[in-house]
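> Predicted structure and sequence below. I'll ask about it afterward.
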Amino acid sequence: MLDGRLLVDAHVHVARLPTLSDDWQAWAATFGARTPMSALFDSAGVPVPAALDEHFASQGADHVLLFTEHSPKVTGHQPIEDVLPVVRQNPARFHPVANLNPHLHYPVAAELARQAALGAVAVKIHPVHGGFEARDRMLYPAYAWAQEHRLPVIVHCGTSTFAGSVNSYADPVLLDEVLRDFPDLVVVLAHGGRGWWYDQAAFLALMKPNVWLEVSGLPPQRLAGYYGSSLRRLADKMIFGTDWPGVPSVEHNARILEKTLLDTGCTAEQVAAALGGNADRVFRLTPTAGCGA
């Protein structure tokens with residue numbers, strides 16, 4: 001809890017360090033300088049579940065979504081199995097997120113069902129690192145499965161500086177056909193259009209009831225500059241996330257987001273929703289939370 005309010009970090013990476021690229025390692029070291037990484041991973045670079053649980057508890061994070069990724073040409077392989085020991089440490093706090101790459105997984109719907117059976121609360125699609133468009137028809141069976149089972153789809157929607165990235169694949173317009181063909185699919189735009197597409201991502205979130213704006217990887221003090229007069233309305237569709245470990249700390253970002261939203265004229269209720277209520281609803285993290293529609 002953060003001052004009695006639910007806090008959800010909806011974008012966290014705790015992969016085994018040897019599976020990650022040099023670019024990823026440099027990014028974490030540069031932007032996550034305050035994070036005591038040496039205390040959270042063992043000498044082999046494997047996450048220490050008890051230490052991670054204690055760390056996120058100290059930050060006030062009630063729920064933490066643990067991302068996985070299959071992008072061998074950019075960041076490497078981080079299968080869902082790698083995060084399950086952390087989930088078992090505290091399943092009330094930690095929740096795994098599935099990952100699909102249509103170049104590597106076939107049939108995609110069967111692979112999604114397999115990862116969902118392991119406890120995934122969402123599936124991440126990473127076109128920029130995986131080398132495909134979100135509208136690729138190879139993904140359609142997975143979208144159909146996700147829509148039927150009310151599993152949210154998180155789509156990387158922002159630039160990446162990692163070698164091998166194809167940033168044009170992050171353009172939100174590439175989701176237009178997907179949203180047309182799967183009108184009940186819940187879609188979360190990770191990184192909120194970072195770099196080139198803030199207006200487009202904001203427009204989609206405000207126009208489509210099932211589209212949500214997740215702000216991980218964005219300095220929260222700059223959101224007013226990124227979204228302008230739309231920010232006050234966007235708070236109703238906003239999901240807090242950090243992209244940990246590439247941040248000073250979870251609590252630090254949460255408190256700056258709170259200040260930014262209040263300074264913009266958002267209500268206390270909107271701030272509470274952005275910090276955790278919206279994510280709780282979208283990802284159905286508690287038994288009483290509804291679907292993000």
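Structure received. Numbers count the residues shown, from 1 in each chain.

> show me the contacts for the residue nearest to Val87 when sequence neighbours are not counted.
In space, not counting the residues next to it along the chain, Val87 is nearest to Phe94; the distance is 4.6 Å by CB to CB, 6 or more residues apart in numbering. Placement of C-beta: from N, CA and C, glycine included. Contact analysis of Phe94 by CB atoms under 8 Å, 6 or more residues apart in numbering lists 52-53, 56, 63-64, 66, 83, 86-87.

> Dihedrals phi and psi, Phe94?
Dihedral pair for Phe94: phi -100, psi 140, per degrees, to the nearest 10.

> Check Gly195 too.
Main-chain dihedrals, Gly195, degrees, to the nearest 10: phi 100, psi -70.

> so how far is Ala201 from it?
For Gly195, the distance to Ala201 equals 10 Å [CB to CB, to the nearest Å].

> tell me the contacts of Asp181?
140, 143.

> what about 6 Å?
Listed by CB atoms under 6 Å, 6 or more residues apart in numbering, the contact set of Asp181 is empty.

> State the distance from it to Lys124.
Distance of Asp181 to Lys124, given as CB to CB: 20 Å.

> Go through the protein and flag its longest helix.
helix 250-264 (DSSP state H).

> Helix or strand next in line after that helix, which one?
Downstream of helix 250-264, the next assigned helix or strand under DSSP states H and E is helix 268-272.

> contacts for the lowest-mean-pLDDT helix or strand in the chain?
Averaged element by element with mean pLDDT, DSSP states H and E, the chain has its least confident helix or strand at helix 22-31 (a mean of 73). Helix 22-31 is touched from outside by 75, 162-163, 245-246, with contacts defined as CB under 6 Å, 6+ apart.

> pLDDT below threshold where in the stretch 151-293 of the chain?
In the predicted model, the stretch 151-293 of the chain carries pLDDT under 70 at residues 288-293.

> Tell me where it has strands.
Secondary structure of the stretch 151-293 of the chain (DSSP state E, counting those that start in this stretch): strands at 153-158, 187-194, 211-214, 238-239.

> swap in the stretch 1-150 of the chain?
According to DSSP E, counting those that start in this stretch, the strands that the stretch 1-150 of the chain contains are 8-12, 63-66, 69-71, 76-78, 94-96, 98-100, 123-125.
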